[in-house]
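[1] A structural model of the following input is requested.
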Amino acid sequence: LDPLEPVNTASAIAKWGLDYVVLTSVDRDDLEDGGCHHLAETVRELKKRNPKILVEVLSPDFQGNAEHVSVMATSGLDVFAHNMETVESLTRAVRDRRADYTQSLNVLHQAKQSMPELITKTSFMLGLGETDEEVRQAMQDIKIAGVDCVTFGQYMQPTKAHMKVAEYVTPEKFEHWEGVGKEMGFLYTASGPLVRSSYKAGEFFLSNILRQRQERAK
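    Predicted coordinates:
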């Protein structure tokens with residue numbers, strides 16, 4: 001790890017004048033703490049230079065280590081994101097062999113438990129062969145875990161070595177899942193073929209929610 005990366009990253013972002021930034025990290029299972037302290041320090045350096053900036057972290061799972069998840073969740077970030085990616089039955093086929101459906105649910109739950117006012121967020125890809133019943137079950141699972149926001153997008157095969165697209169989901173079906181999300185009481189649901197976990201419209205919506213909370217807290 002570059003010990004100056006948190007300071008250098010925060011300094012560069014401060015110069016850009018952003019009001020919302022998404023930080024992400026590769027899994028660093030080679031590190032004892034999974035890199036959680038390094039990433040948390042980056043958040044703190046960002047907030048030190050620009051207290052008004054809103055920070056979302058698309059977090060690794062830290063191998064399910066609750067202490068490491070808590071370090072990240074209590075770092076001062078505004079949105080804790082960790083992607084479920086797919087339904088339970090397809091997890092082993094779609095995700096890295098070290099990833100686990102229940103483990104990802106626990107990561108999201110632990111983040112919310114560590115900082116109840118924190119906005120938590122996850123994303124799913126559709127078109128991998130999942131059934132409607134499995135999607136609804138996954139939504140129920142993340143709701144129980146305390147997830148606030150969920151996004152759905154179309155899976156696209158990045159290379160021939162990756163899993164093939166099983167289905168191109170219709171816009172009507174994406175609209176259906178957005179409606180289900182609203183019915184289930186999620187703070188925000190974005191669902192569409194081109195929606196991705198870091199989605200500009202979603203960031204705009206969350207920015208407004210967070211700014212309103214800050215005003216009420218004054």
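
[2] over to T189: give its phi and psi.
    When read as degrees, to the nearest 10, the backbone of T189 gives phi -130, psi 120.

[3] what about it, neighbour count?
    Neighbour count for T189, taken as other CB atoms under 10 Å: 21. Bear in mind the C-beta positions are built from the backbone N, C-alpha and C, glycine included.

[4] residues contacting the spatially closest residue to it that is not a sequence neighbour?
    Spatial nearest neighbour of T189, chain neighbours left out: G181 (2.8 Å); criterion: CB to CB, 6 or more residues apart in numbering. Taking CB atoms under 8 Å, 6 or more residues apart in numbering as the criterion, G181 is in contact with 139, 150, 189, 191.

[5] and the host helix or strand of G181, how far out from the chain middle?
    Element membership of G181 [criterion: DSSP states H and E] is helix 171-184. In terms of CA atoms, centre = their mean, to the nearest Å, the centre of helix 171-184 is found 19 Å from the chain centre.

[6] repeat for stretch 29-44
    Offset of stretch 29-44 from its chain centre (CA atoms, centre = their mean): 17 Å.

[7] longest helix in the chain, by number of residues?
    Once the chain is assigned using DSSP state H, the helix that runs over the most residues is helix 200-217.

[8] tally up the residues packed near E167, please.
    13.

[9] part of a strand, is it?
    No. Remark: E167 does not belong to a strand; assigned using DSSP: H, G, I helix; E, B strand; the rest coil, it is coil.

[10] and it, how far from Q157?
    Distance, E167 to Q157, using CB to CB, to the nearest Å: 12 Å.

[11] quick one, helices of this structure?
    Ranges of helices in the chain, per DSSP H, are 5-16, 36-49, 66-73, 91-94, 101-114, 132-144, 171-184, 200-217.

[12] ok so, going back, ok, the residue nearest to T189 to T120 distance?
    From G181 over to T120 (counting by CB to CB), the distance is 14 Å.

[13] and for V150?
    V150 is 10 Å from T120, where distance means CB to CB.

[14] quick revisit: list the helices and strands the longest helix of the chain packs on?
    Where contact means 3 or more CB pairs under 8 Å, 6 or more residues apart in numbering; DSSP states H and E, helix 200-217 is packed against strand 20-24, strand 54-58, strand 119-126, strand 149-154, strand 188-191.

[15] as CSV, those strands with distance to V69 and mean pLDDT would be great.
    CSV is the format used below for those (distance: least, CB to CB, whole Å; pLDDT from 0 to 100):
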stretch, distance to V69, mean pLDDT
strand 20-24, 15, 92
strand 54-58, 11, 94
strand 119-126, 11, 97
strand 149-154, 18, 96
strand 188-191, 22, 94
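
[16] spatially central residue for the protein, please.
    By CA atoms, centre = their mean, the chain has its centre lying nearest to A81, at 2.2 Å.

[17] right, and that one touches T122 too?
    Yes. Between A81 and T122 there is a contact at 6.8 Å, judged by CB atoms under 8 Å.

[18] how many neighbours does L54 have?
    L54: 23 neighbours (other CB under 10 Å).
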